[in-house]
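Student: Sequence and predicted structure are below.
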Amino acid sequence: MSAPFLRLGVNIDHVATVRNARGGAVPDPVRAALLAIEAGADGITAHLREDRRHIRDEDMARLKREISRPLNFEMAATDEMVAIALHTRPHASCLVPEKRSERTTEGGLDVAGAHDRLKVITTELARAGMRVSLFIEPSLDALEAAKSIGAPVVELHTGAWCDALTHGQQEKADHEFGRIRVAAARAAELGIECHAGHGLDYATARKIASLPQVVELNIGHFLIGEAIFVGLGEAIRRMRAAMDEGRRVAG
Ligand code: PXP
């Protein structure tokens, strides 16, 4: 059996980061989302952080109104964000841990520790029609906890793997990739749809595409950075090609 199609979710948060650096209206993250879709993105991901450092409330509302592909709303598991998600009604919501002092989402959710609260929120968002995913470390414990919550989808945090490669720590990188491979296989056994993201570039996206259980990648920072050099459309086309190439190994 051939591996299922691997979707590319493009995270446009950092277009808003650049916009906010000057406090004006450009560059517009919604324009970037429309261009990303034209270039082959299968969905758009945006993280409305509690401090609104990049995406803002009106961006989420405009994305929902203006884009033709699924919107994935990354959000902290707070009452405020749940209310916004229920109002915005994106196609999907991805629950992430959030610390104000962090530069980006540094780790996965403590699924076991916040089990009851995450279960209530997951149920509420799913009842409203959203595909709910939990952003977790690639660990078997986190997967079992996600299963017990009834999460239909998990997104495996690939940051530790990507960081190890960036720092030339090959042994650590191999270990981290091994954890991702095992977690993806276990997710499939548990009947949980498996996504992955954080820190991915062309090479790491190609590699992770070789795992047939992974059906969606969410990629932001690298693509927006590449856009400076080759344009956003071209960066997305190159990413799509890298993913397709990696997928052929799985197939
Ligand atoms: N997936 C999740 C859940 C995230 O929080 C982020 C970062 O916002 C990403 C994917 C994308 O990570 P990156 O910007 O490093 O590609």
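Tutor: Looks like it came in fine.
Student: got the residues of the protein near the ligand?
Tutor: Residues of the chain lying close to the ligand by Cβ under 6 Å from any ligand atom are 11, 13, 47, 74, 94, 96, 104-105, 135, 155, 197-200, 218-222. (C-beta placed from N, C-alpha, C; glycine too.)
Student: Would you mind checking these for buried ones?
Tutor: With neighbours counted by 16 or more other Cβ atoms under 10 Å, the residues of the chain next to the ligand contain buried members at 11, 13, 47, 74, 94, 96, 105, 135, 155, 197-200, 218-222.
Student: Which members of the residues of the chain next to the ligand are positioned in strands?
Tutor: Residues of the residues of the chain next to the ligand located in strands (DSSP state E): Asn11, His47, Glu74, Cys94, Val96, Phe135, Glu155, Gly197, Asn218, Ile219.
Student: quick one: contacts for the last one?
Tutor: By Cβ atoms under 8 Å, 6 or more residues apart in numbering, the residues touching Ile219 are Leu8, Gly9, Val10, Asn11, Gly197, Leu200, Ala205, Met239.
Student: Same question for Gly113, what's its three-state structure.
Tutor: Classification of Gly113 by DSSP: H, G, I helix; E, B strand; the rest coil places it in coil.
Student: what number of residues lie near it?
Tutor: Under the neighbour criterion other Cβ atoms under 10 Å, Gly113 is assigned a count of 10.
Student: Tell me the backbone dihedrals of it, please.
Tutor: Reported as degrees, to the nearest 10, the phi and psi values for Gly113 are phi -60, psi -30.
Student: Quickly list what the residue of the stretch 51-200 of the chain found nearest the ligand is bridged to.
Tutor: Per Cβ to the nearest ligand atom, Gly197 is where the stretch 51-200 of the chain lies closest to the ligand, at 3.1 Å. Beta-bridge partners for Gly197, by DSSP bridges, are His157, Asn218.
Student: circling back: just send the contacts of Ile219 back as TSV, with pLDDT too.
Tutor: Shown next, in TSV, are the contacts of Ile219 (pLDDT from 0 to 100):
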residue	pLDDT
Leu8	99
Gly9	99
Val10	99
Asn11	98
Gly197	98
Leu200	98
Ala205	98
Met239	98
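Student: Which of those sits closest to the ligand?
Tutor: Gly197 (3.1 Å).
Student: That closest one against Val154, yeah?
Tutor: No - contact criterion Cβ atoms under 8 Å: Gly197 and Val154 do not qualify, at 11.1 Å.
Student: Find residues that contact each of these two.
Tutor: Common neighbours of Gly197 and Val154 (Cβ under 8 Å, 6+ apart) are Phe135.
Student: what about the residue of the stretch 51-200 of the chain closest to the ligand, distance to Gly225?
Tutor: Relative to Gly225, Gly197 is positioned 15 Å away (criterion: Cβ to Cβ, to the nearest Å).
Student: Show me where the stretch 51-200 of the chain dips below the pLDDT cut-off.
Tutor: Applying pLDDT under 70 to the stretch 51-200 of the chain picks out residues 100.
Student: redo that, cut-off 80
Tutor: Within the stretch 51-200 of the chain, the ranges that satisfy pLDDT under 80 run 99-106.
Student: At which residues are the strands of it located?
Tutor: 71-76, 92-96, 131-136, 153-157, 193-197 (DSSP state E, counting those that start in this stretch).
Student: Including distance to Glu234, could those go into JSON lines?
Tutor: Shown next, in JSON lines, are the strands of the stretch 51-200 of the chain (distance: least, Cβ to Cβ, whole Å):
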{"stretch": "strand 71-76", "distance to Glu234": "23"}
{"stretch": "strand 92-96", "distance to Glu234": "27"}
{"stretch": "strand 131-136", "distance to Glu234": "28"}
{"stretch": "strand 153-157", "distance to Glu234": "26"}
{"stretch": "strand 193-197", "distance to Glu234": "21"}
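Student: I figured Ile84 hits Arg49, correct?
Tutor: No - in this structure, Ile84 is not within contact of Arg49 by Cβ under 8 Å, at 11.7 Å.
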